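>>> Got a predicted structure plus its sequence, pasted below:
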Amino acid sequence: MLCSNCSSKEAAFHYKYIKNGSKNEIHLCTDCAKKLGYINDGELSFNPANIFGELFSLPQFIRHRAPETSCPNCGTDYNSLSRTGFVGCDKCYDFFAKQIDAILSKIQPSTIHKGKLGGSEGKKIERDNTIKGLKEDLQKAILNENYEEAAVLRDKIKALEGEGGEK
């Protein structure tokens, strides 16, 4: 693709922008990009013989952006996990627990799976989970010495347990 400005050299700089609601593109050679102020001297210079020098002279914020940690069991690293979404083994879930929770909280409302089951078995499991949650709340209320709330929770638990024929 030739330069949009001089139409004689190969374009090395491509700039896309939106103006008045329409998408526009500029394709410039290095010289025209410098003349028009899009780049500074040396920004597009690349020396293939010095590729390792270029890589190791990256700014600090790029080099240390994501620390390279890997699962001690399988060797899966965090960058691979975040790029693919796949873990290497069951130990990765424990090793990357904080990172996985952060990723999941960005893409779904909760990190706890609440599936649904149909029929009477589903209702029983739902009731059992409700009772379990109420019992946890009851323990917290007792520890905080909030006996009024504890009494209400106790009554709710007894009512739910009575529905299932449990005691």
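Perfect, I can see it now. Numbers count the residues shown, from 1 in each chain.

>>> so what secondary structure elements neighbour the longest helix seen in the chain?
Counting residues, the longest helix found in the chain (DSSP state H) is helix 119-143. Applying 3 or more CB pairs under 8 Å, 6 or more residues apart in numbering; DSSP states H and E, we find helix 119-143 packed against helix 147-163. No exception for glycine: its C-beta is placed from N, CA and C like everyone else's.

>>> Not counting the helix it packs on itself, show me its contacts.
By CB atoms under 8 Å, 6 or more residues apart in numbering, the surrounding residues in contact with helix 147-163 are 127, 130, 131, 134, 135, 137, 138, 141, 142, 167.

>>> Let me know the average pLDDT across the longest helix of the chain.
The average pLDDT within helix 119-143 is 88.

>>> now that helix and helix 147-163, what's the angle there?
Relative orientation of helix 119-143 versus helix 147-163 (axes from the mean of the first three to the mean of the last three CA atoms, to 10 degrees): 160 degrees.

>>> Redo the contacts of helix 147-163 as JSON lines? Include distance to residue 91.
Output for these, formatted as JSON lines (distance: CB to CB, whole Å):
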{"residue": "127", "distance to residue 91": "35"}
{"residue": "130", "distance to residue 91": "33"}
{"residue": "131", "distance to residue 91": "33"}
{"residue": "134", "distance to residue 91": "34"}
{"residue": "135", "distance to residue 91": "31"}
{"residue": "137", "distance to residue 91": "33"}
{"residue": "138", "distance to residue 91": "35"}
{"residue": "141", "distance to residue 91": "37"}
{"residue": "142", "distance to residue 91": "37"}
{"residue": "167", "distance to residue 91": "41"}
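
>>> In this structure, which residue is most central in space?
For the chain, the residue sitting closest to the mean C-alpha position, by CA atoms, centre = their mean, is residue 103 at 2.8 Å.
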